[in-house]
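K.L.:
model the following, please.
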Amino acid sequence: MDGMSGPSAGSGGAAPGRLFIRGSVSLPEAELMWRFSRSSGPGGQHVNTSDSQVELRFDLARTEALPPVWKERALQRLAGRLVDGVVAVRSSEHRSQWRNRETAAVRLAALLAEACAPPPKPRRPTRIPRGINERRLREKKQRSDTKRGRSGRDWS
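P.N.:
Below is the predicted model of the structure:
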């Protein structure tokens, strides 16, 4: 299997040799480092002879493919996952190396898309309308009176 073919086109119909993150931002194939090893997953005797486990590594700290703002955001959010600025994703659930490559590429794209996403807008606290609050307290008092009326204190 040659190094340029593969599942690196993250979205259908995309340019070959690129892994799309969000919008038109993509990672060039040259910056993706693939490593293959023997998988411990399903496959019987087949797993003893084929390198079906895939590890996909991407040097986030040194890349120029991402906009600077996205890169800073991703470095900050993925700080716990990075080893010397490199993020790694592994896939070994399929018997075929090809499918594991696809899975690893999709995982890396999703991970980076989530890490590069802008922070959510801060929540504007809302006030409960006075009428709703008063109605709730009135109903609560009625319920309390109903329950108090069930006690056998006043029965002689």
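
K.L.:
in this protein, which residue is closest to the centre?
P.N.:
Per C-alpha atoms, centre = their mean, the C-alpha nearest to the average position across the chain is that of residue 111, at 4.9 Å.

K.L.:
could you check how far whichever strand or helix holds it is from the centre of its chain?
P.N.:
Taking DSSP states H and E as the criterion, residue 111 maps to helix 97-116. In this view, helix 97-116 has its centroid 10 Å away from the chain centroid, taken as C-alpha atoms, centre = their mean, to the nearest Å.

K.L.:
helices or strands up against that helix?
P.N.:
strand 18-22, strand 32-37, strand 53-59, helix 68-77, strand 86-91 (3 or more C-beta pairs under 8 Å, 6 or more residues apart in numbering; DSSP states H and E). For glycine as for every other residue, the C-beta is placed from the backbone atoms N, C-alpha and C.

K.L.:
neighbouring contacts of that helix?
P.N.:
With contacts defined as C-beta atoms under 8 Å, 6 or more residues apart in numbering, helix 97-116 is touched by 1, 6-8, 10, 19-22, 25, 27, 32, 34, 36, 39, 50-56, 58, 60, 66, 70-71, 73-74, 77-78, 87, 89-94.

K.L.:
got it, and stretch 59-68?
P.N.:
Contacts of stretch 59-68 (C-beta under 8 Å, 6+ apart): 21, 25-28, 31, 33, 71, 74-75, 78, 82, 84-87, 112, 116.

K.L.:
quick one: strands adjacent to the lowest-mean-pLDDT helix or strand in the chain?
P.N.:
Each helix and strand of the chain was given a mean pLDDT (mean pLDDT, DSSP states H and E); the minimum falls on strand 18-22 at a mean of 74. Sheet pairing of strand 18-22 (DSSP bridges) gives strand 25-28 (antiparallel).

K.L.:
buried ones in the strand it pairs with?
P.N.:
Under the neighbour-count criterion of 16 or more other C-beta atoms under 10 Å, strand 25-28 has 26-27 buried.
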